[in-house]
Each structure stands twice: as C-alpha cells, then as structure tokens.
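Novice: sequence first, then the predicted structure, then my questions.
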Amino acid sequence: MALIRSVKGIKPKWGKNCFLADNSTITGDVVIGDDCSIWFNAVVRGDVHYIRIGNNVNIQDNAVIHCTYQKAPVSIGNNVSIAHSAIIHGCTIHDNVLIGMGAILMDGVVVESNSVIAAGAVVSKDTVIKSGSVYAGVPAKMIKSVDTGLLEGEINRISNNYNMYAGWYDDDTNSP
C-alpha cells in the first residue's frame, strides 16, 4: 500500500478505482478523483497547501506534486497525464493535458485545456498556456497548436491507457 500520511489532522482522500503504487507517497490535504493512478516513487505532498486532482489522472513514476505555503495550491483537472519525473509546483492544470517527462511547472502557471507541455520543458512562474498549445524548451515557449491527431493520439490515448496498465497489477502484497 502507498505511504499515506495525515498532516495537521488532514488525511488524503481518493475516489473509486484508484491505483496507488506501493511506494508512492500521498500526504496531507489531497483529494483525488475516480479512476486515477499514482505510480512508483511519485510524491503528492499536500502539507503546506491543498492539492485537488480530478478524474482519470495519472501521475507517473518519480513525479512530484507540491505547493507553496499559503500562496500556491495545485489544481489538476480531468484526463491529465503527468509523465515520469515531472515536477508540478503550485499551479493549475485544466482538462485533457499531457505533461511530458521531466517537465517542470512553477508557481502560478496555468495550463489551459487540450494542451501539451513537452518533455524537459521548464514553464516559468505565472505563465499561462493557452488552450490547444504545445510548449517546449527552457524556458518553455509555444511551438505549435494541438491538432486532432495529437489530442486523440497522445493526450487521450495516454490517459486512458494508464487505467489499463493499473489493471494489470495483482494485489500480491500478502504473497511470498
């Protein structure tokens, strides 16, 4: 079972059909919707502000979700994929978004719906990613618009596949 810790008497909550990897960590004021997955070594740390995560969200291996004390909470919409080793800090991510591997989103960032943040991108403080945009680079800049192929072929496919992947895992915690 994942490491679940209450902070100041507030315990994380999650919805139906969620997969929480054995060594994922979820602490404090965190609310996770239905059909979500928190993968191996991922940390969702709601100790200094709240974190709200919608439905059908996957937070992949080694990703970190955190906030800034009394300033910047995290809000993640529905149908969002946060890829391996991404850092999401004090920002807002709307629906149907793909955050690439190793991307970093700083405080105050807003990622509007149907957008992609490319692998390795660093999105600077208070940047607003307009709906339907692809951002890449350091610092991240818009490089193109999301077309139907990218929306269906990557954003939706990845978020839906992670529910399937979670279903492959057996609950063998009591087995030798």
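Specialist: Here it is on my side, so go on. If you're wondering where the values come from, they're calculated on a predicted model, not measured in any experiment.
Novice: who does the lengthiest strand in the chain pair up with?
Specialist: Longest strand in the chain, counting residues (DSSP state E): strand 43-53. As defined by DSSP bridges, the strand partners of strand 43-53 come to strand 25-32 (parallel), strand 64-66 (parallel), strand 74-76 (parallel).
Novice: nearest spatial neighbour of L20, skipping sequence neighbours?
Specialist: The shortest distance from L20 to any non-neighbouring residue, by CB to CB, 6 or more residues apart in numbering, is to A2 (3.7 Å). Backbone N, C-alpha and C define where each C-beta goes, glycine included.
Novice: what residues are up against the one you found?
Specialist: Contacts were defined as CB atoms under 8 Å, 6 or more residues apart in numbering; by that measure A2 touches L20, A21, D22, N23, S24, T25, I26, I38.
Novice: chain center to the worst-scoring helix or strand of the chain on mean pLDDT, what's the gap?
Specialist: Within the chain, no helix or strand scores below helix 148-150, which has a mean of 82 by mean pLDDT, DSSP states H and E. Distance, stretch centre to chain centre, for helix 148-150: 21 Å (CA atoms, centre = their mean, to the nearest Å).
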